[in-house]
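> model this:
(chains A and B)
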Amino acid sequence: MTATQVDLDRLQRVWDAPPTFRGWLTMVNHKTIGKRFLVTGAAFFVLGGVLALIMRVQLAMPELGLVNPQAYNELFTMHGVTMAFLFIVPVLEGFAIFILPLMVGARDLPFPRLTALGYWVYLLAGVFIFSSVFVGAVPDGGWYAYVPFTGPEFTPGLSMDFWLLGITFLEISAIGAGIEIAALLFKNRAPGMTIARMPIFAWSMLVTSFIIIFAFPTLIVGSILLEVERKIGAPFYNPDLGGNEILWQHLFWWFGHPDVYIWLLPGVGIISMIVPTFTRAPLVGYTWVVASTVVAGVLSFGVWVHHMFTVGLPLLTISFFGGASLVFALPSGVQVFSWIATIWRGGRVRWATPMLFAAGTILVFTFGGISGIMLGVVPFNWQAHDTYFVVAHFHYVLIGGSVLPMFAGAYYWWPKLTGRVLSERLGRWNFWLFIVGLNLTFLPLHVLGFLGMPRRIYTYLDGLGWGPLNLLATVGAFLTAAGVLAFLVNAVVSQRRPPADSDPWGAGTLEWAGPVLPTSYNFASYPVVRSRYPLWDQGSVLADDDLMRRWTDPLAEPLHDEREILITSEIDAEPQTVAILPQQSIWPLNLAVALAVALTGLLADIYWLAGVGLAGSIIVGIVWAWTGHDFEPIEEMVEP
Amino acid sequence: MTVPAVASIPNVLDPRGPAAADIAVLWWVMFALGTAVFVAVTVLLIVSVVRRRTAPVAEDALAGEGFAGGSNVLMAVGGITLPAVVVVGLMAATVVTADRVATVGNPEEALVIDVTGHKFWWDVRYPDHDIRIANEVHIPVGQPVEIRVTSKDVIHSFWIPQLGGKIDMNPGHENTLRLVAHEPGAYRGLCTEYCGVQHARMHFIAVAHEPESFEEWLADHAEPPDQPDEEGAVAGREVFVGAGCAECHTVDGVSPLIDDYPDLTHFAERRTIAAGALDNNRGNLGGWILDPQGLKPGNRMPPANLTGEELQDLLDYLETLR
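Numbers count the residues shown, from 1 in each chain, chains lettered A, B, ... in the order given. So this is what the prediction gives:
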């Protein structure tokens, strides 16, 4: 060790947040913010799940009256909004924000105040959207909000304004995280972690970040146009006034289909970290998997019309988009084969809970992928579109591609998050209840699609033959919920377990290098990477030559009482300079609150309030820019 | 409410027309293919887990970057080539089947029907025969029909699962869907684009007639119904006009043509009330007139404030609309 005890105290003093309430509000560290994303996202997952259970009870038998039709329409809208916008993306971002700096050997994300802003915006946007419940104007136009249904004529009142303003607000958080993660992965990898040694989860998040940066602005533009139409009647979408209602569908799905890959790629990346660890073998076909991830990211922008095969577009057009959708079989095939080949090539599989969820992912994701290919076949889509077949398909893909990997990742990285290993016994309950439950819920829904059951109906007539399968699905939903409950119980009781070892699974990647609970600065001495699995292949991850020590030694003994990080080159990860990160800051919270005030003013047509919020945001932005450093290189240290 | 026993279960895999039959065949081919792929992946996964390991993982396998040779072949064959063969096959099936389905029947023989979606019912017109009905589509067996769809409010979608795929009804645009029925019968149709509070109860019945009986049907429906002469029904006609029914509902010869509400000219011939929600019988109809918001909350029909006698007269009258 080059760093002495004295140095560690100094690092700690510079990097730790003060243990006060103000310290809590001004926190910018990626581990704290990442955990906040995970906990808040988990709360929204439970909330969205409860909404789903109410719907499943309502549909358990024909003509039930548990909720009225309007309430049901609000339930499925809020279930979709909660799961798509407030659960999946934030939780995946939470994993990335927490684990990526540790995984690539960085001390923090490059723009810590942006990390904090992202969280506050997410929290306030979630509160903003759900506050619609308290004023009795809950959105009921579906998560996809098709016009003219959601326009001023057919949905007057505030409900769609909650949706449009809330979702637009929320996207600030996602885009911020996308920019920041891309910057981290290009500029802050540990020395020697060339781009060809970057862990697959980092690759999948890099591609995901680019998808976010290019896809989300379309939704923001579409939403602003619709909000302008609702507020002042500018007819972007109204066909009677020369607008076009199909424009919304193009804008929404231009965002919406890439969004599906924002949900899938990180989950798939998590599994590609877990499978090697539990088979003690490097991922087979690393380069193939990287290439297929990039291809999937690019291709995701070329298939949005497969949500619109029944809109009445020309047959030639939709055939092209059908063909493009079928091509997804290739990158998905590469991914699944890589996992199976790794298991084949590796040692005896260690069946801990993360690996159980990984195996579940492989099968459930494959199943959902197959039904997805079927939906890409245009004439079949004409029958299956907007039926329960589609509901079944995308729940298989999303649970297989996002939720099962989240559970896998939670069990896998729990020691890094809390210093404890989750209980294996409860983990098995969690896994089996969840996997049996989800199949029992969603397998019958395919058949209901064939029997003609459309999506988004609050009840159905007796005698259509839809009753028994719906009842089965409802039973399955409760088993699934019991699986989630087992996880929550596990999370609580496992805090009484003894502290975990520093690398409890014997993993090979860098996040397991330090003590099990990372320090606020992650690495005292910057690690130096010579392999894709440095902990397996290198005796030590400390600098092993004088040239590298000229960089790492000074960083272990901060000269300036500042938060110093190392900047490395994009491809080869060679040290370039040292940069300083900002200290604790209240301005991210202030900016999020000012923006929320501005949006509340817009929502309620109180324009002076919107003006105050907007002016506040600008002032806060100026103060932000004048205080603290973001990613600022230290001139005298550029050449060691 | 039990399902009106007037139409079959809308089962995609129980096709009654060539378009739906083609798609059903396509499905069964894809089902066999998909099952084979899923079983193969599952078996591969199981074998890779349980296979006997002769030696612990060799050191070279752990050397992160040194393991490529065999995996390239595996990825190229399993990950790229096999899926590519399947995809090319499916693409060919897509193009061929989509063309067959979209161009089913000879367009020159096609009967044109205009269907307009409303929250939450269907306005159906036969432009060449001067016929207007609601919530039913009558077609001849064997003859292609060209359904031109649009909407008066939000987006709806027109779907008869046993005859073929669906098509969206967009306000401000017209789409066409070509269908052929090859068996007589009554087939349930459904709205498949979420359109509001009663999207769940926006069904219709597609009735396929033998050609001769279809000609009779056309002839019957081109003429207004006979005016009633029985005392109750005559009084009922007064209720129909006086109590406000006629302000929205057209009955040829009694109330003017009103665009945005269901035409009731031949109402007694209909199989269902309220867009497929209830069987059309006297009891259901009485309940519907008195309490439409209880049976289908959110639809546009207001409750009628009628005495028992007025209601019975009105029902007598509506039963004469044949």
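
> where exactly do the strands run in the stretch 201-322 of chain B?
For the stretch 201-322 of chain B, applying DSSP state E, counting those that start in this stretch gives strands covering B:203-209, B:272-273, B:278-279.

> and the last one with chain A, contact?
No: judged by Cβ under 8 Å from any Cβ of the partner chain, strand B:278-279 stays clear of chain A, getting no closer than 9.5 Å. Glycine gets a C-beta too; all of them are placed from N, C-alpha and C.

> now for the residue nearest to A:A507 when sequence neighbours are not counted: which residues touch it?
Distances taken as Cβ to Cβ, 6 or more residues apart in numbering or on different chains place A:T277 nearest to A:A507, at 4.2 Å, with adjacent residues excluded. Residues in contact with A:T277 (Cβ atoms under 8 Å, 6 or more residues apart in numbering or on different chains) are A:P354, A:Y412, A:W505, A:G506, A:A507, A:G508.

> hmm, B:A233 is touching B:L315, no?
No: counting by Cβ atoms under 8 Å, B:A233 does not reach B:L315; the two are 9.2 Å apart.

> count the residues that sit near the residue in the stretch 351-500 of chain A that chain B sits nearest to.
Residue of the stretch 351-500 of chain A nearest chain B, by Cβ to the nearest Cβ: A:W382 (2.5 Å). Neighbours of A:W382 under the rule other Cβ atoms under 10 Å in any protein chain shown: 24.

> that one and B:K166 touch, don't they?
Yes: using Cβ under 8 Å, A:W382 is in contact with B:K166, at 6.1 Å.

> list only buried entries from the contacts of A:T277.
A:P354, A:Y412, A:W505, A:A507, A:G508 (16 or more other Cβ atoms under 10 Å in any protein chain shown).

> quick check: the last one is in a strand.
Right, A:G508. No: the assignment for A:G508, made by DSSP: H, G, I helix; E, B strand; the rest coil, is coil rather than a strand.

> which residue is the nearest non-sequential neighbour of it?
Nearest residue to A:G508, sequence neighbours excluded (Cβ to Cβ, 6+ apart): A:Y533, at 3.0 Å.

> can you tell me which residues contact B:M75?
Taking Cβ under 8 Å, 6+ apart, one finds A:V284, A:G285, A:W288, A:V334, A:F337, A:S338, A:A341 in contact with B:M75.

> all helices for the stretch 301-450 of chain A, in order.
A:315-326, A:329-345, A:353-376, A:378-384, A:388-398, A:404-418, A:424-450 (DSSP state H, counting those that start in this stretch).

> of these, which stretch is the most buried?
helix A:378-384 (a mean of 27; mean count of other Cβ atoms under 10 Å in any protein chain shown).

> in chain B, which spans are helices?
B:18-50, B:59-62, B:69-74, B:82-102, B:211-222, B:231-242, B:245-248, B:282-290, B:292-295, B:308-318 (DSSP state H).

> for the last one, name the packing helices and strands.
Going back to what we said before, that points to helix B:308-318. Counting contacts by 3 or more Cβ pairs under 8 Å, 6 or more residues apart in numbering or on different chains; DSSP states H and E, helix B:308-318 packs against helix B:231-242, helix B:282-290.

> need the residues that contact the longest one.
Where contact means Cβ under 8 Å, 6+ apart, the residues beyond helix B:231-242 that reach it are B:227-228, B:245-246, B:251, B:254-255, B:306, B:310, B:312-320.

> buried ones from these, can you make that a PyMOL selection?
Typed into PyMOL, the line below selects the buried ones among the contacts of helix B:231-242, using 16+ other Cβ under 10 Å:
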select buried, chain B and resi 228+245+246+251+254+255+306+310+312+313+314+315+316+317+318+319+320
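
> still on that earlier bit, in TSV, list the helices of the stretch 301-450 of chain A along with mean pLDDT.
As requested, those are exported to TSV (pLDDT from 0 to 100):
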stretch	mean pLDDT
helix A:315-326	94
helix A:329-345	93
helix A:353-376	97
helix A:378-384	97
helix A:388-398	98
helix A:404-418	98
helix A:424-450	98
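
> okay if I get these as JSON lines plus distance to A:H257?
Below are those laid out as JSON lines (distance: least, Cβ to Cβ, whole Å):
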{"stretch": "helix A:315-326", "distance to A:H257": "9"}
{"stretch": "helix A:329-345", "distance to A:H257": "15"}
{"stretch": "helix A:353-376", "distance to A:H257": "12"}
{"stretch": "helix A:378-384", "distance to A:H257": "14"}
{"stretch": "helix A:388-398", "distance to A:H257": "11"}
{"stretch": "helix A:404-418", "distance to A:H257": "20"}
{"stretch": "helix A:424-450", "distance to A:H257": "20"}
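
> tell me which of those lies nearest to A:I618.
Closest approach to A:I618 among the helices of the stretch 301-450 of chain A (Cβ to Cβ): helix A:404-418, 37.0 Å.

> between A:W382 and B:K166, what contacts are shared?
With Cβ under 8 Å, 6+ apart as the test, A:W382 and B:K166 both reach A:T310.

> residues of the stretch 151-300 of chain B that sit close to chain A?
Residues of the stretch 151-300 of chain B lying near chain A (Cβ under 8 Å from any Cβ): B:153-155, B:157, B:159, B:161, B:164-168, B:170-173, B:175, B:188, B:190-200, B:277, B:297-298.

> returning to what we had before: closest one of the buried ones among the contacts of A:T277 to A:W466?
A:P354 (37.8 Å).

> kindly report the residues of the stretch 201-350 of chain A close to chain B.
So far as Cβ under 8 Å from any Cβ goes, the stretch 201-350 of chain A lies against chain B at A:239-240, A:244-246, A:280-282, A:284-285, A:287-288, A:292, A:310-312, A:315, A:319, A:322-323, A:326-327, A:329-330, A:332-338, A:340-341, A:343-349.
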